[in-house]
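Participant: take a look and give me a structure for this.
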Amino acid sequence: MKPTLEEFLLTAIRTIPDYPKPGILFRDITTLLGNARAFRRAVDELVHPYAGSKIDKIAGIEARGFILGGAIAHQLSAGFIPIRKKGKLPHETVRVAYSLEYGLDEMEMHKDAVSADEKVILVDDLIATGGTAEGAVKLLRQMGADIVAACFVVDLPDLGGRTKLEALDVPVRTLISFEGH
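Facilitator: Have a look, this model is predicted:
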């Protein structure tokens with residue numbers, strides 16, 4: 001019997017116990033990225049609902065969001081916006097603070113990366129607590145972007161990130177869900 005998409009993608013993701021600290025099960029998608037079939041299927045599934053739509057830009061969150069976002073932007077004939085940690089972009093930027101598990105950090109994008117009312121899809125590998133994705137949504141909206149959706153390969157629903165984005169009226173698309181992170 002042919003495995004479902006979720007079963008197929010689950011087999012391509014490595015789980016590393018106790019990383020980055022004891023008690024955490026780290027979901028490592030680098031093995032999925034290294035598997036040509038799994039990478040292609042994941043990108044195709046993330047693109048599918050938006051094929052034929054007018055999407056102006058894909059915003060990828062550093063760093064795995066760059067890999068997925070670049071592939072999705074190519075498939076949708078859209079531009080790509082890198083959203084990076086503070087101090088990594090060379091031109092004039094806009095910045096927002098966001099919550100981490102133990103404090104705050106800042107992310108930024110170029111000031112001219114998106115124009116008002118451009119349709120944008122936000123992309124990253126995984127949605128956990130949602131702090132980073134929430135910060136990216138606020139940054140994009142600060143510049144007038146119309147956020148069509150936020151897309152992730154992995155959802156850790158117990159950590160509440162999806163709910164946080166949906167409360168901001170951002171539709172969330174994920175391919176795999178890990179209960180109990």
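Participant: for the rest of this, base every contact and every neighbour count on C-alpha atoms.
Facilitator: Fine.
Participant: against Leu156, how distant is the spatially closest residue to Leu159 that is not a sequence neighbour?
Facilitator: The spatially closest residue to Leu159, leaving aside those adjacent along the chain, is Thr129, at 4.9 Å (Cα to Cα, 6 or more residues apart in numbering). Counting by Cα to Cα, to the nearest Å, the gap from Thr129 to Leu156 is 8 Å.
Participant: Leu139 too?
Facilitator: Distance from Leu139 to Leu156, by Cα to Cα: 23 Å.
Participant: one more: Gly144?
Facilitator: 29 Å.
Participant: what about those two, which has more around it?
Facilitator: Neighbour count, other Cα atoms under 10 Å: between Gly144 and Leu156, Leu156 has more, with 21 against 15.
Participant: check contacts around the residue nearest in space to the middle of the chain.
Facilitator: Centroid check for the chain by Cα atoms, centre = their mean gives Asp124 as the closest residue, at 1.7 Å. By Cα atoms under 8 Å, 6 or more residues apart in numbering, the contact list for Asp124 reads Gly60, Ile61, Glu62, Arg64, Gly65, Phe66, Leu68, Gly69, Cys151, Phe152, Val153.
Participant: which ones among those residues lie within strands?
Facilitator: Assigned to strands by DSSP state E, the following of the contacts of Asp124 qualify: Gly60, Ile61, Cys151, Phe152, Val153.
Participant: which non-adjacent residue is nearest the second one?
Facilitator: Setting aside the residues directly before and after it, Ile61 is nearest to Ile83 in space (Cα to Cα, 6+ apart), at 4.9 Å.
Participant: that's a strand at that neighbour, yeah?
Facilitator: Yes: the assignment for Ile83 is a strand, going by DSSP: H, G, I helix; E, B strand; the rest coil.
Participant: helix, strand, or coil at Val148?
Facilitator: Val148 is classified as strand under three-state DSSP.
Participant: shaky segments in the protein?
Facilitator: By pLDDT under 70, the low-scoring segments of the chain are 101-102, 180-181.
Participant: where do the helices sit along it?
Facilitator: Secondary structure of the chain (DSSP state H): helices located at 5-11, 30-33, 36-47, 64-76, 131-142, 161-167.
Participant: returning to what we had before: can you count the residues close to the residue nearest to Ile61?
Facilitator: With other Cα under 10 Å as criterion, Ile83 counts 25.
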